[in-house]
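Engineer: Coordinates only, no sequence provided:
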C-alpha cells in the first residue's frame, strides 16, 4: 500500500503527463470537496477560493484584480480569451485522488467561465445601451435589418460600420485585447436587445409605451411633438415633449411655434399665381398640411399644370423644404416603371416628380399601376 506522500506524488505525476493539464493534488478523504481556504487557480488569472457561503472568485485582468462573489460571476467575463490562447491550464486542487476528478473539475470550471463569458457580453451590451437611455427606453433600435438611432425627435438609419465602432469604443474600457469574435458576439447581443419587430410600421409607439394619441397623426418638430388634428381643434394639451418612445423615421427641421407670424411673402406669391382663384390657394394650403404627416388616407395625388416659369418648381421646392429634404424623394415618372422604381420612396413621406414626361419606351401600364398602389395604400393598384 502506498504511503500518503507516494500517493500524492503519483497523482501529481499522472496530471503532469496530460499536456493540457498540469496540477498538483493533495490526498484527503477521497472527496472532491474543497475545505475553506482552498484555492483553484486557472492561468493565474482566476482564483476560486472555497468559503462558507460558496466560492470567492478573484479575477486578475490587465486593469488589476477584481474580487467578486461566485454568484455574480456573470458580471464580468474578459478571461475566456486567456483560457483559449494557452495550451496549458494550471489547477491547484485539494483532496483529489486521481486525474479523472481533476479533469472533471477543470471541465466544470471552464463551462462556468464560458457561461459567464456569454452572460458577461450581454451585460456589457446592456451597460452600453443603458448609458444612452432616455425616458426609460434605449435610443437605438434594430428594425428590418438596420440599426436606427434617435436624433432628437426622429430615428435615423445608422451604418453598421458606425455601430461597430461605437460598440468597440465601449468594449475597449473592459477588454484588454478586443477581438473580432468578441465584437461580433456583442453586436449580435445588441441586435437582440434592441430588436423591433419587422411587422411594426413607422410611425408607431414602442411596445409598452402609453400612447397619448395616434402615432400616425403626430407631427414631430425640432422642439416638441404635436397631435395635429387635436391641436387644430384647440387642444393645447396635445403638445408633448420629444421622446424616443415614438418610433418615427421622419421629423421636421424647425421648431413648432404657436404664435408664428403669417407668411406674408408666400401669400403674395400665391396671389400672383391665382389672383382670382382663392379655391386653388386653399387647395394648395390643404395639400401642404396633408403632406406633413405620413397619411395617404385621402387616396389622392396632386398635379400642378401650367406653362413654363409659372411657379410650379417654386411651389415644389418650398414643399420639399417644409417636409424636409431627408423625408422627400425626387423620382422621375419613367423610373416608376422599372423593377426597383419604388425603392427611393422607402421611408419617405413626399415624392415630387418635377417633369411628367414619358418616352416611347416607357411602360405606361406599369407606371399607372405603381401610382395607384401609392395613392391607394395597396400593392395591387386596384
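Structural biologist: Received the coordinates, thanks. Keep in mind the model is a prediction, meaning the values are calculated, not measured.

Engineer: now residue 186: how far from residue 127?
Structural biologist: Distance, residue 186 to residue 127, by Cβ to Cβ, to the nearest Å: 11 Å. Any C-beta I mention is one placed from the backbone N, CA and C, and that applies to glycine too.

Engineer: out of the two, which sits in the busier spot?
Structural biologist: residue 186 (23 against 14; other Cβ atoms under 10 Å).

Engineer: give me every residue that touches that one.
Structural biologist: Counting by Cβ atoms under 8 Å, 6 or more residues apart in numbering, residue 186 touches 121, 124-125, 167, 171.

Engineer: now, the most widely separated pair of the residues you listed?
Structural biologist: Spatially, the most separated pair among these is 121 and 167, at 10.8 Å (Cβ to Cβ).

Engineer: More neighbours: the two, which one.
Structural biologist: Remark: of residue 121 and residue 167, residue 121 carries more neighbours, 24 against 20, as counted by other Cβ under 10 Å.

Engineer: Residue 147 is in contact with residue 163, isn't it?
Structural biologist: Yes: applying Cβ atoms under 8 Å as the test, residue 147 and residue 163 come out as touching, 4.9 Å apart.

Engineer: tell me how far the ends of stretch 130-137 are from each other?
Structural biologist: Terminal residues of stretch 130-137 are spaced 9 Å apart (Cα to Cα, to the nearest Å).

Engineer: residues contacting the closest residue to residue 272 other than its chain neighbours?
Structural biologist: Distance criterion Cβ to Cβ, 6 or more residues apart in numbering; nearest residue to residue 272, sequence neighbours excluded, is residue 311 at 7.7 Å. Residues in contact with residue 311 (Cβ under 8 Å, 6+ apart) are 269, 272-273.

Engineer: Which of these has the largest number of neighbours?
Structural biologist: Ranked by neighbour count (other Cβ under 10 Å), those have residue 273 at the top, with 17 neighbours.

Engineer: need the contact list for that one.
Structural biologist: Applying Cβ under 8 Å, 6+ apart to residue 273 gives the contacts 280, 310-311.

Engineer: mind checking the backbone torsions on residue 219?
Structural biologist: phi -100, psi 120 (degrees, to the nearest 10).

Engineer: who's it bridged to?
Structural biologist: Here residue 219 sits in beta bridges with residue 226, going by DSSP bridges.

Engineer: Read off the pLDDT value for it.
Structural biologist: pLDDT for residue 219: 93.

Engineer: what do you get for residue 377?
Structural biologist: With respect to pLDDT, residue 377 scores 70.

Engineer: Where does residue 309 sit: helix, strand or coil?
Structural biologist: Counting by DSSP: H, G, I helix; E, B strand; the rest coil, the backbone at residue 309 sits in coil.

Engineer: any idea how far it is from residue 296?
Structural biologist: Residue 309 sits 31 Å away from residue 296, going by Cβ to Cβ.

Engineer: Helices - which of the contacts of residue 311 land there?
Structural biologist: Among the contacts of residue 311, the members falling in helices (DSSP state H) are 269, 272-273.
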